[in-house]
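Participant: structural data only, the sequence is not supplied:
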């Protein structure tokens, strides 16, 4: 899934959690080798990203991955990165555990 981040909160070192997420851009599920449910293929664009992941017995809730995304933003801004306004969340199941991955583009 992919969310737009609130433009004010996307630049804040102390973003407000309740205002962080903007609109949901898309949500999808892999149905075949390369197909999305609507027949369109969604690919994470080439680029540089901040990346975080967590492996757990169950998939993270929105509250849990949102906490990670906010910490990811704080770290990125602390390192003086310019961050994009899209937040990508991906759920996987690997080696008997759920993995939640969070991507945020670093603008060059």
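Facilitator: Structure's in. What do you need? Because the structure is a prediction, the values reported are computed rather than measured.
Participant: contacts, neighbours, all on C-alpha from now
Facilitator: Will do.
Participant: contacts only, for residue 51.
Facilitator: 72, 101, 102, 103, 104 (CA atoms under 8 Å, 6 or more residues apart in numbering).
Participant: number of nearby residues for residue 15?
Facilitator: 17 (other CA atoms under 10 Å).
Participant: that one and residue 70 touch, don't they?
Facilitator: Yes: in this structure, residue 15 is within contact of residue 70 by CA atoms under 8 Å, at 7.1 Å.
Participant: among the contacts of residue 51, which are in helices?
Facilitator: residue 72 (DSSP state H).
Participant: farthest pair within the contacts of residue 51?
Facilitator: 72 and 101 (11.6 Å; CA to CA).
Participant: okay, and the common contacts of these two?
Facilitator: With CA under 8 Å, 6+ apart as the test, residue 72 and residue 101 both reach 51, 52.
Participant: leaving out sequence neighbours, find the closest residue to the most centrally placed residue in the chain.
Facilitator: Per CA atoms, centre = their mean, the C-alpha nearest to the average position across the chain is that of residue 88, at 2.9 Å. The shortest distance from residue 88 to any non-neighbouring residue, by CA to CA, 6 or more residues apart in numbering, is to residue 2 (4.5 Å).
Participant: repeat that for residue 97.
Facilitator: Spatial nearest neighbour of residue 97, excluding adjacent residues (CA to CA, 6+ apart): residue 57 at 5.2 Å.
Participant: any idea how far the one you found is from residue 51?
Facilitator: Between residue 57 and residue 51 the computed distance is 20 Å (CA to CA, to the nearest Å).
Participant: for the closest residue to residue 58 other than its chain neighbours, helix, strand, or coil?
Facilitator: Excluding the flanking residues, the one nearest residue 58 by CA to CA, 6+ apart is residue 98, at 5.5 Å. At residue 98 the chain is in strand, as set by DSSP: H, G, I helix; E, B strand; the rest coil.
Participant: tally of neighbours for residue 98?
Facilitator: Neighbours of residue 98 (other CA under 10 Å): 17.
Participant: so what's it bridging to?
Facilitator: Beta-bridge partners recorded for residue 98 (DSSP bridges): residue 56, residue 93.
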